[in-house]
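>>> What follows is a protein structure lacking sequence information:
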């Protein structure tokens, strides 16, 4: 039910079709009546992240290719090639060189046929720099975009969409509840576990998972719908944010803003970390603590492979903040801390816990408060205090 509340908003944000060609309007699709996925498909078409064919059909039992599914997932996540988020990711994408242990520019190679629409329309870059698609998953980095996508590939892509790469790669996945688990490739086991735990994919009645089976178009739409269902829970545009900035010893600035995206999941209120840091940079400018005009989006390093952000507040390598989707551990001003729950992912961006309603307090780092009468969360930010010399 909560998903339906956002249908009109999503429709306004997602203005491109997905599957090629894609012209049939929701009310004109002729082959969905009575189909088990009719409701999900019709909602997806209304929200404009998938469409039918020019002849008025959807062909729900047809297969879907790797390129088509990846584009559909990205469109649903609002990670269109021209989006602000994708452009920021492309500009700030990094990876850690293991040989020299240095940060380097992330610009991997993915092989596709010359002139393929997945490349020319910008979806390849959106997929790579968001971290949804990792070229090393494919033999010789050859994506084979027109090959039918398999269930295990969907598990991998949707887990990345949900920001669950860390748990998928950092915990034991030896015991899975499927009769054919011995056939799973080792590196995908954690992804299958996270995708099934999130309810995105399920097994078959006989207890098998059949990882290499191709997915139908109807199944693909339902799986993406489940990703959105899990991701969008608790979105509340009626919560406002007050950010208070301080710099030792006597510089202050504050603002009430709607530029920090918020989400309440259970007792935990999450906020977009890039939004917080962007507002902090603007307040630093307002307080006269910097001569650098703040950018539209904060400067930070984005690591697509790990779904991690590193933010350097004052240009000191010892004070880099480090946040990772799916991970409760983080670095702040060079110190190691732990959130009460793991960070989440919303539309490709990291959401960190900032308030716990069960205990009535913000996380230790932010030292803010909640005002119920105005539904306002206060977040306090500051620059590291310089050491005493």
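The structure has been received and is ready for your questions. The model shown is predicted, which means the values in this text are computed figures rather than measured ones.
>>> quick check, residue 245 in a strand?
Yes. Judged by DSSP: H, G, I helix; E, B strand; the rest coil, residue 245 forms part of a strand.
>>> the strands in the stretch 151-300 of the chain, which residues?
When assigned using DSSP state E, counting those that start in this stretch, the strands of the stretch 151-300 of the chain occupy the ranges 240-247, 251-257, 262-265, 268-272.
>>> Return the most buried member of those strands.
Most buried of the strands of the stretch 151-300 of the chain, by mean neighbour count (mean count of other Cβ atoms under 10 Å): strand 268-272, with a mean of 22. From N, CA and C alone the C-beta is placed, and that goes for glycine too.
>>> quick check: angle from that strand to strand 240-247?
Going by axes from the mean of the first three to the mean of the last three Cα atoms, to 10 degrees, strand 268-272 is angled at 70 degrees with respect to strand 240-247.
>>> Residue ranges of each domain in this protein, please.
With domains defined by automatic domain parsing, the chain comprises 2-78+144-231, 79-143, 240-382.
>>> Just the helices from the protein, written as ranges.
Assigned by DSSP state H, the helices in the chain fall at 2-5, 7-13, 38-46, 66-76, 84-92, 117-120, 123-129, 151-161, 165-170, 189-197, 217-231, 273-286.
>>> which stretch in the ones you listed has the least confidence?
Least confident of these, judged by mean pLDDT, is helix 7-13 with a mean of 39.
>>> wait, residue 78 sits on residue 347?
Yes. If you go by Cβ atoms under 8 Å, residue 78 and residue 347 touch, sitting 4.7 Å apart.
>>> shared neighbours of those two, which are they?
Contact criterion Cβ atoms under 8 Å, 6 or more residues apart in numbering; residues shared by residue 78 and residue 347: residue 85.
>>> circling back: how about a markdown table for the helices of the chain, with mean neighbour count and distance to residue 369 added?
As requested, these are exported to a markdown table (neighbours: other Cβ atoms under 10 Å; distance: least, Cβ to Cβ, whole Å):
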| stretch | mean neighbour count | distance to residue 369 |
| --- | --- | --- |
| helix 2-5 | 12 | 27 |
| helix 7-13 | 14 | 29 |
| helix 38-46 | 20 | 38 |
| helix 66-76 | 25 | 35 |
| helix 84-92 | 18 | 30 |
| helix 117-120 | 17 | 47 |
| helix 123-129 | 25 | 37 |
| helix 151-161 | 25 | 33 |
| helix 165-170 | 19 | 30 |
| helix 189-197 | 23 | 34 |
| helix 217-231 | 22 | 27 |
| helix 273-286 | 21 | 16 |
